[in-house]
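# sequence below, structure please.
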Amino acid sequence: MELPEPDARAPSLPWVLKPAELASYGFAICVAIIGFEVVMRYGFNAPRIWVQDMVVMLVGGCFAIGGIVVLYEGSHIRITAIYDNVPERVQRWLDLLAAIVAAAYLALIGYGAWVNARLSIKLHETTGTSWDSPLPMILKTVLLVSAGIMCVIAVTQLFRSMKRLVG
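Residues are numbered from 1 along each chain as shown. All right, here's what the predicted structure looks like:
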């Protein structure tokens, strides 16, 4: 798929992109938390029980939210050895095929996330550790919302690919 032009972006997505860009700071927070844990564990022999759960939740959430920005901007990794060496008409067909696969994949991921998030919320799922936080329920909900937004973006890209193929 080719990169979308800045003016071709959907006007309704800036409310999603700004929080997603802010989520990138979650990785820096994880580094700080892990550094704190190393100091507490090896410096003071006082490990924290919440660090593992918090870091897993933050990293998972940041990757899920970051996927929105990557898909929207078209900045994901591509293997272009074949794509760059075929005629433009074939590239348009390949763009359409990629958009169909992405939309179908994200719809299935969204369905799976919905099943897991719904069950997690229904059961009030917690980590099961001595901290017993509701982080699994939160993360599964974040994954559901992210998958839903990415599915909408993929369907939008599918229609753009169809439009480029036709005219």
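# residue nearest the centroid of the protein?
residue 64 (2.5 Å; CA atoms, centre = their mean).
# just the C-alpha atoms of stretch 19-27, please, in CSV.
Taking Å, rounded to 0.1, in the frame of the first residue of the first chain, the C-alpha atoms of stretch 19-27 are listed here in CSV:
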residue,chain,number,x,y,z
PRO,A,19,-3.5,10.1,22.6
ALA,A,20,-1.7,7.4,20.6
GLU,A,21,1.4,9.6,20.1
LEU,A,22,1.3,10.3,23.9
ALA,A,23,1.2,6.6,24.6
SER,A,24,4.7,6.3,23.1
TYR,A,25,5.9,7.8,26.4
GLY,A,26,4.7,4.7,28.1
PHE,A,27,7.9,3.0,27.0
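# I'd like the distance between the residue of the chain most remote from its centre and residue 113.
Distance to the chain centre peaks in the chain at residue 44, reaching 36.6 Å (criterion: CA atoms, centre = their mean). Residue 44 sits 39 Å away from residue 113, taking CB to CB, to the nearest Å as the criterion. Using the backbone N, CA and C atoms, a C-beta is placed for each residue, glycine as well.
# in this structure, which helix or strand is least confident?
For the chain, using mean pLDDT, DSSP states H and E, the weakest element among its helices and strands is helix 14-23, scoring a mean of 75.
# so which residues make contact with that helix?
The set of residues that contact helix 14-23 without belonging to it, under CB atoms under 8 Å, 6 or more residues apart in numbering, is 61-62, 65-66, 68-69, 72, 149.
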